[in-house]
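Asks: Sequence first, predicted coordinates after that:
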Amino acid sequence: MKRLALGLFVILANLSIAGSSLAQEPAPPADEPAGGDKTPAETASEPLPDIDLSDLTGALEPEAEQPAAPGDKKAAAAAGAPRKGWEDIVVVPRKAFLKKARVEIAPFGGITLNDPLIRHYSLGGDINYYITDVLSIGVEGQYFIKELSERETLVGLQYYLVPTLNKLKYHWAGTFGYVPGYGKFGLFNKWIVHWDLTFALGLGMIRTEIIPRAFGDKAFTNDNIVGHLGLGVRLFVLDWLTLSITFRDYMYQDAFEWKDRASMSDPQDLVALKRESQNSQSQFVQNIMMFFSIGFYVPPSFTYRTPR
């Protein structure tokens, strides 16, 4: 309580001192409004001295505009003439790579990801024509090389069974491409790398061939309609060169080796085998593959077209 009373006393003392100092300030003359805009020299009894400003009038007057010489763009722009070019206006950076009306030739190599018993390597390529910078149509083709995994051998040793497998032969398709996104990122704080997302739809044909369970038996092939979806990322290296990584899911209905082939009178009779293959096991198959590709663009350069 003593500290609170002492604080209030100090505040009241300060307020009383401030009020007395304001009351002692002289009031302005009656003919001069409070807060007037007269200078101290005007309010003094002595008149203001005369100053000769004749030497400064030339500096204060604006210079007469000189007519612009013919062909002088800078002078014309300074004089308010309409701008005739856009090359000196940069508001948004241009895209580093344009694809419209260009052909992409992209050889690739791929590998299957989701089958633990058999692996396929792929060699092929894409040819795409870009209708716009984000839409394209093209064709795709590839040839497959099979490799039986170690797990396929272990299945036979552990369960005394031979897996029923088909190998891929080749595939071709027509494709439609779309670019849903575009961006860039910094690399080591030194380079700017531009990239885009790629989405693809495809429809075509794939040929498969059965792997006979019994050594020496003949095999038959299947031609299946296949559709695929693809999603990838493309990096722009030069005006005519790109690097891509793509994942594609190939979906089709495949026929496998007939389960009662051992009961056939002649397992080597390919005609009878084809007839029995209509009753063979049929299964929906999805082969998920990863591809690495290098894209070459024709023509190798591009030009920007600015609307006027």
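Replies: Now that the structure is in, tell me what you want to look at. Residues are numbered from 1 along each chain as shown.
Asks: any idea which element the residue nearest to residue 121 when sequence neighbours are not counted lies in?
Replies: Here the nearest residue to residue 121 in space, its sequence neighbours aside, is residue 145; by C-beta to C-beta, 6 or more residues apart in numbering that works out to 4.6 Å. In short, each C-beta sits where N, CA and C put it, glycine included. Take DSSP states H and E as the rule and residue 145 turns out to sit in strand 135-148.
Asks: Any idea what residue 142 is bridged to?
Replies: Here residue 142 sits in beta bridges with residue 124, residue 171, as judged by DSSP bridges.
Asks: tell me the contacts of it?
Replies: For residue 142, the contacting residues are 108, 110, 122, 123, 124, 125, 170, 171, 172, by C-beta atoms under 8 Å, 6 or more residues apart in numbering.
Asks: Just the residues contacting whichever helix or strand the second one is part of, thanks.
Replies: It refers to residue 110. With the criterion set as DSSP H and E, the secondary-structure element containing residue 110 is strand 103-112. Judged by C-beta under 8 Å, 6+ apart, the contacts made with strand 103-112 from elsewhere in the structure are 118-130, 136, 138, 142, 242, 244, 246, 248, 287-298.
Asks: what's the closest of the contacts of residue 142 to residue 303?
Replies: Comparing the contacts of residue 142 against residue 303 with C-beta to C-beta picks out residue 125 as the nearest, at 27.0 Å.
Asks: What is the burial count for the spatially closest residue to the closest one that is not a sequence neighbour?
Replies: Excluding the flanking residues, the one nearest residue 125 by C-beta to C-beta, 6+ apart is residue 107, at 4.3 Å. Taking other C-beta atoms under 10 Å as the criterion, the count of residues near residue 107 is 13.
Asks: circling back: of the contacts of strand 103-112, select the buried ones using a ChimeraX command.
Replies: Command for ChimeraX, covering only those of the contacts of strand 103-112 found buried under the criterion 16 or more other C-beta atoms under 10 Å:
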select :118,120,121,122,124,125,126,128,129,130,136,138,142,242,244,246,248,287,289,291,293,295,297
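Asks: what residues are up against residue 253?
Replies: If you count contacts by C-beta under 8 Å, 6+ apart, then residue 253 has 224, 225, 282, 283, 284, 285 around it.
Asks: Turn the residues you listed into JSON lines, including pLDDT.
Replies: Formatted as JSON lines, the entries for the contacts of residue 253 read as follows, by pLDDT from 0 to 100:
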{"residue": "224", "pLDDT": "94"}
{"residue": "225", "pLDDT": "97"}
{"residue": "282", "pLDDT": "82"}
{"residue": "283", "pLDDT": "88"}
{"residue": "284", "pLDDT": "93"}
{"residue": "285", "pLDDT": "93"}
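Asks: Tabulate those residues in JSON lines, adding columns for neighbour count, secondary structure and distance to residue 100.
Replies: Formatted as JSON lines, the contacts of residue 253 follow (neighbours: other C-beta atoms under 10 Å; DSSP: H, G, I helix; E, B strand; the rest coil; distance: C-beta to C-beta, whole Å):
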{"residue": "224", "neighbour count": "19", "secondary structure": "strand", "distance to residue 100": "35"}
{"residue": "225", "neighbour count": "12", "secondary structure": "strand", "distance to residue 100": "32"}
{"residue": "282", "neighbour count": "13", "secondary structure": "strand", "distance to residue 100": "44"}
{"residue": "283", "neighbour count": "12", "secondary structure": "strand", "distance to residue 100": "42"}
{"residue": "284", "neighbour count": "8", "secondary structure": "strand", "distance to residue 100": "38"}
{"residue": "285", "neighbour count": "18", "secondary structure": "strand", "distance to residue 100": "37"}
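Asks: circling back: and the residue nearest to residue 125, how far is that from residue 124?
Replies: Applying C-beta to C-beta, to the nearest Å, the value for residue 107 to residue 124 is 7 Å.
Asks: follow-up on the earlier one: can you name the two of the contacts of residue 253 that are farthest apart?
Replies: Taking C-beta to C-beta, the two most distant members of the contacts of residue 253 are 225 and 283; they sit 14.9 Å apart.
Asks: Please tell me how far the residue nearest to residue 125 sits from residue 180.
Replies: Distance from residue 107 to residue 180, counting by C-beta to C-beta: 24 Å.
Asks: returning to what we had before: extract the CA atoms of the strand holding residue 145 and return them as CSV.
Replies: Provided in CSV are the C-alpha atoms of strand 135-148 (Å, rounded to 0.1, in the frame of the first residue of the first chain):
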residue,chain,number,x,y,z
LEU,A,135,-0.6,-32.5,-75.9
SER,A,136,0.9,-35.2,-78.1
ILE,A,137,0.1,-38.3,-80.1
GLY,A,138,2.6,-41.0,-81.0
VAL,A,139,3.5,-44.7,-81.3
GLU,A,140,5.5,-47.0,-79.0
GLY,A,141,7.2,-50.3,-79.7
GLN,A,142,9.5,-52.6,-77.7
TYR,A,143,11.1,-56.0,-77.7
PHE,A,144,11.5,-58.1,-74.5
ILE,A,145,14.3,-60.3,-73.2
LYS,A,146,13.3,-62.7,-70.4
GLU,A,147,15.2,-63.8,-67.3
LEU,A,148,14.0,-66.4,-64.8
